[in-house]
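# only the shape, not the letters, is given here:
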């Protein structure tokens, strides 16, 4: 049989004399403690441990009722079975292709900051990717009191109501991530009040939905995803107007950056950050916490876009990767098309993006040549099937030009591309 069980359920419900399984697979292994995992490992002939060491470790931070900040001692993160396996130098396979984000900017910060650019991401068919945005609220954080930010909570609930009651926007699923439990509870209370005022909202919270609206905190959101994520940073100036504290609760802990990484990578289509802080208010000379440093840089990224990252640029990156791409671009420009080379910000790029003449903010199509990017793919399936299917799923229309066709008949190849582009644009859109 194939069973889906937690380590605790295995210990409770499977008898000791149960026949060994051929394979035991751990998912989200970064959150499973070693002592919880050992019993399950003993029940299999082989074990596969799957997880991300840059995401949440096992912790009892919130289980003891602590909020987002605690001036006393905080419990340290626990060792996970994933950490133990990595420390033991077990055979490792890295999975580098990232599919979730429908806009590359949703993963760009984490890819740059935590994965050293190692994730292969796919660009969206827009010339200006603004899927990550910042809304400055200017609220007050009640430090030492309720540890909430009412202005941010009100702004998020108003945004949820606006989106759910908008016929065009309500098709996208919604989630909310907060920095602490108390802000989470405040938003849930305000949402309950909004649902009592307007019964139309109830259907978006129904338990029988595949993806109902959720409101979670940093410690409980790993594994969840939604089309749109609203992120409340919660912290900000207090009512006294005193100097801003550099205590950001779990972010100040060792490994706090892992919590931030989880929070900002839950969105498939859009991440909207609600903040009472501006990046320049975070003084890194007053804290050595990596999580706080990364929060400052993430707020800069959310406000300014990828130009805030020293190794990323806006929209198109790099020049032509081959003389073939340069020649094709030159020939198509002669026919009046606007092209951008090497669209994307990770190791995977669309060779040529053709700007839609009727909507300059998006690409009409992408052109793939069998150049350097094509040959970097490890298998024929990756080159000829998977990459194109992922791009089409993101909204790209892909045209392909083989170098041998261009070599034998350059004029005919360019004319075919021109005709295909005109057919995609429609005759009324070509000037």
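Here it is on my side, so go on. Because the structure is predicted, anything quoted here is derived from the model rather than measured. Numbers count the residues shown, from 1 in each chain.
# the helices in the stretch 151-300 of the chain, which residues?
Taking DSSP state H, counting those that start in this stretch, the helices of the stretch 151-300 of the chain run over residues 181-197, 256-263, 290-304.
# how many neighbours does the residue nearest to residue 269 when sequence neighbours are not counted have?
Closest residue to residue 269 apart from its sequence neighbours, by C-beta to C-beta, 6 or more residues apart in numbering: residue 227 at 4.5 Å. Any C-beta I mention is one placed from the backbone N, CA and C, and that applies to glycine too. Residue 227 has 16 neighbouring residues, counting by other C-beta atoms under 10 Å.
# from residue 106, how far out is residue 227?
Computed as C-beta to C-beta, to the nearest Å, the residue 227 to residue 106 distance reads 11 Å.
# now do the same contact list for the nearest residue to residue 294 once chain neighbours are set aside.
Closest residue to residue 294 apart from its sequence neighbours, by C-beta to C-beta, 6+ apart: residue 257 at 4.8 Å. Listed by C-beta atoms under 8 Å, 6 or more residues apart in numbering, the contact partners of residue 257 are 113, 114, 251, 290, 291, 293, 294.
# I'd say residue 223 and residue 29 touch.
No - Residue 223 sits out of contact with residue 29 when judged by C-beta atoms under 8 Å, with a separation of 11.9 Å.
# where does this structure have low pLDDT?
For the chain, the stretches with pLDDT under 70 are 59-77, 126-129, 242, 306-319, 345-347, 371-378, 380-384, 427-431.
# tell me where it has strands.
Per DSSP state E, the chain carries strands over the ranges 24-26, 47-49, 132-136, 174-178, 214-217, 226-232, 267-275, 339-343, 350-355, 363-369, 398-401.
# now distance to residue 150 too, for those, in a markdown table please.
Shown next, in a markdown table, are those (distance: least, C-beta to C-beta, whole Å):
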| stretch | distance to residue 150 |
| --- | --- |
| strand 24-26 | 41 |
| strand 47-49 | 43 |
| strand 132-136 | 15 |
| strand 174-178 | 13 |
| strand 214-217 | 15 |
| strand 226-232 | 11 |
| strand 267-275 | 12 |
| strand 339-343 | 42 |
| strand 350-355 | 44 |
| strand 363-369 | 42 |
| strand 398-401 | 48 |
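# of all those, which lies closest to residue 95?
Closest approach to residue 95 among those (C-beta to C-beta): strand 47-49, 12.1 Å.
# what comes up buried for the closest one?
Under the neighbour-count criterion of 16 or more other C-beta atoms under 10 Å, strand 47-49 has 47, 49 buried.
# pull the residues that contact it.
Against strand 47-49 from outside (C-beta under 8 Å, 6+ apart): 23, 24, 25, 26, 29, 41, 81, 82, 85, 90.
# who wins for most neighbours among the contacts of residue 257?
Ranked by neighbours (other C-beta under 10 Å), the contacts of residue 257 are led by residue 251, which has 28 neighbours.
# so the closest residue to that one other than its chain neighbours versus residue 169, what's the distance?
Distances taken as C-beta to C-beta, 6+ apart put residue 291 closest to residue 251, at 3.4 Å, once the chain neighbours are dropped. In this structure, residue 291 and residue 169 are 32 Å apart, going by C-beta to C-beta.
# again, but for residue 321
In terms of C-beta to C-beta, residue 321 sits 38 Å off from residue 169.
# got it, and residue 230?
In terms of C-beta to C-beta, residue 230 sits 12 Å off from residue 169.
# so for these two, which sits in the more crowded spot?
residue 230 (27 against 14).
# so the more buried one touches residue 173, yeah?
No - checked against C-beta under 8 Å, the pair residue 230 and residue 173 is beyond contact range at 11.8 Å.
# residues shared between the contacts of the two?
What both residue 230 and residue 173 touch, as defined by C-beta under 8 Å, 6+ apart, is an empty set.
# quick revisit: which of the contacts of strand 47-49 are buried?
24, 26, 29, 81, 82, 85.
# and which of those residues is nearest to residue 143?
Nearest member of those to residue 143, counting by C-beta to C-beta, is residue 82, at 34.8 Å.
# ok, that closest one - contacts?
Taking C-beta under 8 Å, 6+ apart as the contact definition, residue 82 lies against 26, 29, 30, 32, 49, 51, 53.
# make JSON lines from those and add distance to residue 244 to it.
Output for these, formatted as JSON lines (distance: C-beta to C-beta, whole Å):
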{"residue": "26", "distance to residue 244": "41"}
{"residue": "29", "distance to residue 244": "37"}
{"residue": "30", "distance to residue 244": "31"}
{"residue": "32", "distance to residue 244": "37"}
{"residue": "49", "distance to residue 244": "41"}
{"residue": "51", "distance to residue 244": "35"}
{"residue": "53", "distance to residue 244": "32"}
